[in-house]
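Enquirer: This is a predicted model, with the sequence first.
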Amino acid sequence: MNWEELSAHLQNLPTPDPRFAKRMQERLDSLAKPKGSLGRLEEMAVRLAGITASTQPEMVHKRVVVFCGDHGVTEEGVSAYPSEVTGWMMETFARGQAAINVLARQAGAEVKVVDVGSKADRVPKGVVNVRVRPGTANMARGPAMSRAEAEQALAVGWKQAETAKEQGVQLLAAGEMGIGNTTAAAAVAAVLTQRDATTLTGMGTGLGDQGVRRKAAVILQSLRINQPDSSDPMDVLAKVGGLEIAAMAGFMLGAAFYRIPVVIDGLISSVAALAAVHMAPQVREILFASHLSVEPAHGIVLEKLGLTPLLDAEMRLGEGSGAVLAFPLMDAALRLSQEMALLSELGIHSQS
Ligand SMILES: Cc1cc2ncn([C@H]3O[C@H](COP(=O)(O)O)[C@@H](O)[C@H]3O)c2cc1C
Ligand SMILES: O=C(O)c1cccnc1
């Protein structure tokens with residue numbers, strides 16, 4: 001799908017069907033428990049019913065897509081690890097030995113790894129090679145990429161949602177790998193939330209206080225040099241974003257188009273979500289926030305999205321790790337709606 005076709009779809013993304021959401025709420029209210037007592041699990045089941053237009057949504061086929069891209073801004077010393085780690089982790093994903101592989105096995109989900117812009121010498125077997133360019137340019141010196149490249153990366157993500165639909169995937173998670181991407185994510189977050197970049201800057205992979213101060217200065221310089229237009233999310237993604245961030249935004253837009261729920265992960269995927277919502281507000285309706293990352297910008301971004309995270313496990317990994325941890329909670333929510341006895345079967349009535 002080319003950019004013109006894709007952007008035409010953005011104008012009329014579907015919204016959840018309130019009739020199915022209402023029927024699910026009625027069903028939950030009739031189960032053998034006090035009304036509302038399953039809290040956020042109930043909310044999840046209701047939302048899933050609306051998104052899938054079904055009173056018995058099935059989330060059997062689950063997938064996390066890990067979008068990989070490198071960042072030219074690593075030249076400025078903004079990460080505790082070198083860029084080469086992105087390629088090494090792609091190898092590890094392919095061997096099934098990264099944290100995301102373990103957590104996905106635990107959750108009964110597939111892992112799909114997509115190289116949208118790494119600088120790795122070779123793309124490991126099993127990793128989808130759709131590289132738009134080998135890493136972004138250093139955003140502290142000029143735009144990270146051209147608008148056309150950002151659009152291409154976005155289309156890569158959309159295509160992954162389309163493929164998931166064709167393959168019958170019922171639940172998605174958006175993950176990423178890209179050394180330097182907490183810098184890009186904080187920069188995009190600063191523009192889209194209109195907050196001061198310094199307060200949004202965190203340790204990433206493990207910078208100390210001095211490193212975090214330097215990183216904040218690099219973000220401020222990148223914003224000053226590029227002057228991204230906050231009313232134009234594509235401009236923001238191109239100038240101070242990243243290839244995997246743009247791809248994740250496209251993935252979420254595509255998932256909204258195909259009515260597939262997406263669980264977002266930590267800071268980076270949440271920033272991609274915010275960019276997607278700025279392009280098409282309906283995207284929010286298919287998104288679920290999994291956890292609250294240690295990164296200081298994450299809570300602010302989730303608040304802007306209007307989403308409440310399910311877990312706070314003090315994680316700061318990425319890859320989609322927190323997102324797949326939330327998969328079993330969604331399974332639980334749906335099983336409860338399907339397997340519990342009804343109050344009426346037990347002859348129980350509320351007295352209020
Ligand atoms: C071994 C390793 C595995 C990772 N898996 C995810 N990340 C995470 O760390 C990176 C972002 O942090 P920063 O902006 O500080 O570079 C991303 O690749 C993210 O996915 C990793 C980082 C490392 C070192
Ligand atoms: O919040 C995240 O997802 C995160 C934080 C630090 C490093 N990588 C990812």
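Expert: Nice, thanks for sending it over. Ligands and ions are numbered 1, 2, ... in the order given.

Enquirer: OK, contacts around Ala49?
Expert: Contact partners of Ala49, counting by CB atoms under 8 Å, 6 or more residues apart in numbering, are Phe20, Ala21, Arg23, Met24, Thr55, Pro57. The C-beta positions use only the backbone N, C-alpha and C, and glycine is treated the same way.

Enquirer: mind putting those residues in a markdown table, pLDDT, distance to Val240 and neighbour count included?
Expert: As requested, the contacts of Ala49 are exported to a markdown table (pLDDT from 0 to 100; distance: CB to CB, whole Å; neighbours: other CB atoms under 10 Å):
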| residue | pLDDT | distance to Val240 | neighbour count |
| --- | --- | --- | --- |
| Phe20 | 98 | 39 | 20 |
| Ala21 | 98 | 37 | 19 |
| Arg23 | 98 | 44 | 16 |
| Met24 | 98 | 40 | 25 |
| Thr55 | 95 | 43 | 17 |
| Pro57 | 98 | 37 | 23 |
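
Enquirer: wait, which of the residues you listed is closest to Gly72?
Expert: Taking CB to CB as the measure, Pro57 is the one of the contacts of Ala49 closest to Gly72, at 41.9 Å.

Enquirer: Could you check how far that closest one is from Met330?
Expert: Going from Pro57 to Met330 by CB to CB, to the nearest Å gives 9 Å.

Enquirer: Can you check which residues contact both of those two?
Expert: Common neighbours of Pro57 and Met330 (CB under 8 Å, 6+ apart) are Leu48.

Enquirer: got the domain boundaries for this structure?
Expert: Listed by automatic domain parsing, the domain ranges of the chain are 3-57+336-346, 62-328.

Enquirer: and the last one, what's its mean pLDDT?
Expert: Okay, so that is domain 62-328. Here the mean pLDDT over domain 62-328 is 98, rounded to a whole number.

Enquirer: can you give me the helices in the stretch 251-352 of the chain?
Expert: Here the stretch 251-352 of the chain has its helices, by DSSP state H, counting those that start in this stretch, at 267-279, 296-305, 321-325, 327-339, 343-346.

Enquirer: nearest to ligand 2, of these?
Expert: Between ligand 2 and those, the tightest spacing by CB to the nearest ligand atom is seen for helix 267-279, at 3.6 Å.

Enquirer: Would you tell me what the next helix or strand after the helix or strand harbouring Val212 is?
Expert: With elements taken from DSSP states H and E, the one containing Val212 is helix 209-226. Sequence-wise, the next helix or strand downstream of helix 209-226 (DSSP H and E) is helix 233-240.

Enquirer: Next, count neighbours for the residue in the stretch 151-300 of the chain positioned nearest to ligand 2.
Expert: Of all residues in the stretch 151-300 of the chain, Gly266 sits closest to ligand 2, at 2.0 Å by CB to the nearest ligand atom. Residues near Gly266, counting by other CB atoms under 10 Å, number 29.

Enquirer: and if you look at Leu237?
Expert: Neighbours of Leu237 under the rule other CB under 10 Å: 35.

Enquirer: so it touches Ala275, yeah?
Expert: Yes - if you go by CB atoms under 8 Å, Leu237 and Ala275 touch, sitting 5.7 Å apart.
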